[in-house]
Structures are given as C-alpha cells and as structure tokens.
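Colleague: fold the following, please.
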Amino acid sequence: MPHINLPEGYPGIRSLFMYNPETALPLNNLVQTLLHDKNTSTLTPGERELIATYTSGLNECKYCANTHGAIAKHQLNGNENVVKDVLAKNIATADVSDKMKALLQIASKVQRGGKNVTEADIENARKEGATDKEIHDTVLIAAAFCMFNRYVDGLATWAPDDASVYDAIGKQRATEGYMTKPFIVK
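Modeller: So this is what the prediction gives:
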C-alpha cells in the first residue's frame, strides 16, 4: 500500500509521475537523455539500460529492476539471459564485454556510495576500452537510479508480480522512449 494517495493502475514511478506532473517532466527528460537518446552516449541504449537494471537490482527496487531489465532485453534483441545474469549479480559470467563488466563494477561502487569508486576501478575500465564519457555516463546513470529507486520505494509504490506487465512496459519504452504516454495496468 503506497504511503500517499497515488492514482490507481499506474505501477512504480509512473504513479508518482501522474501524482506530480511538474516533477515528472524533468525526471522523464533526464531518463530519456541518460538511457534512450542515441546521440548522447557511446554506450548503446541496451548497455545503459543494463547499468540501470544492475543498480536497481543492487538497491532491491523490484519495479525499477524488472522494468529496466525488460527494456534492456528489448534493446538487446531479446537477450533475456544477460539481463537474468545482471539481476542475479553474475557479472563475471554475464555475456557482456569486459568493458561492460568494468563499468558495471563502477556502478556497483556508486550504488554503495560515490566515494567507493577508486582510481583502480577507473583504470580497469580504461584498460578494457572505456572512454571518459562512458565512465561519466555509468556514474551518472548509477547515481540517478539510486535516486529513482529511493523515490519509488520510499513512497511504497505498487510493483506488479506479473512478468508480462514488465515485458509490455519494456517493449513500449524500448521503442518509444520515456516521453510517451504512461503505461497503465488494467
């Protein structure tokens, strides 16, 4: 049961966006830029969604982990196994590049606290081919998703149990982005 009176039928952050449209617009713009826009990062949208998924999983935010995992799956041509590995925290064996493994390691450090990121983490990512922009984007995505996760869970929003709901949201967001109409569960 949410801590405040939220519109029914909208899961997770969508209910919060319906509740407060004034903050929804800048937050949607941020996530659109961070995760979906193709010209804002050299990381693919699928890779950026994986960072959001991993961070949300580490934060135990059911709604965000499942939603962004579904979006990542659709962005990665249906590769559900890599999403499952990321959500199970099996980064070492996940079917992602060594560069992505290094970036996910940085995301895990940001999730615990920004000062946990070490020069060795950055050097490892560079050694695996990460650019300064990709390192920057990883830190920003992980930090932003710590905020989003706390927003969603801090107000006890509703997170569906039905995996098909997340898959439908994932398909919509992967193709349309974050600035489209909100997804409602009937």
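Colleague: hey, let's count contacts and neighbours off CA atoms from now on
Modeller: Will do.
Colleague: residue 120 sits in which helix or strand?
Modeller: Secondary structure assignment for residue 120, by DSSP states H and E: helix 119-127.
Colleague: next, the buried residues of that helix.
Modeller: Along helix 119-127, these residues count as buried under the neighbour rule (16 or more other C-alpha atoms under 10 Å): 121, 122, 124, 125, 126.
Colleague: output those residues as JSON lines; include the columns distance to residue 133.
Modeller: JSON lines is the format used below for the buried residues of helix 119-127 (distance: C-alpha to C-alpha, whole Å):
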{"residue": "121", "distance to residue 133": "15"}
{"residue": "122", "distance to residue 133": "12"}
{"residue": "124", "distance to residue 133": "15"}
{"residue": "125", "distance to residue 133": "12"}
{"residue": "126", "distance to residue 133": "11"}
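Colleague: ok, back up a step: got the CA coordinates for the helix holding residue 120 in CSV?
Modeller: What follows is helix 119-127, C-alpha atoms only, in CSV (Å, rounded to 0.1, in the frame of the first residue of the first chain):
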residue,chain,number,x,y,z
GLU,A,119,41.3,5.1,-9.2
ALA,A,120,41.9,1.3,-9.8
ASP,A,121,38.2,0.9,-10.8
ILE,A,122,38.6,3.8,-13.3
GLU,A,123,41.9,2.4,-14.6
ASN,A,124,40.5,-1.0,-15.1
ALA,A,125,37.6,0.4,-17.1
ARG,A,126,40.0,2.4,-19.3
LYS,A,127,42.2,-0.7,-19.7
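Colleague: and that helix, how far from the chain's centre?
Modeller: 22 Å (C-alpha atoms, centre = their mean, to the nearest Å).
Colleague: ok and the longest helix belonging to the chain relative to helix 119-127, angle-wise?
Modeller: If you go by DSSP state H, the chain has its longest helix at helix 132-154. Going by axes from the mean of the first three to the mean of the last three C-alpha atoms, to 10 degrees, helix 132-154 is angled at 120 degrees with respect to helix 119-127.
Colleague: good, we can wrap up now.
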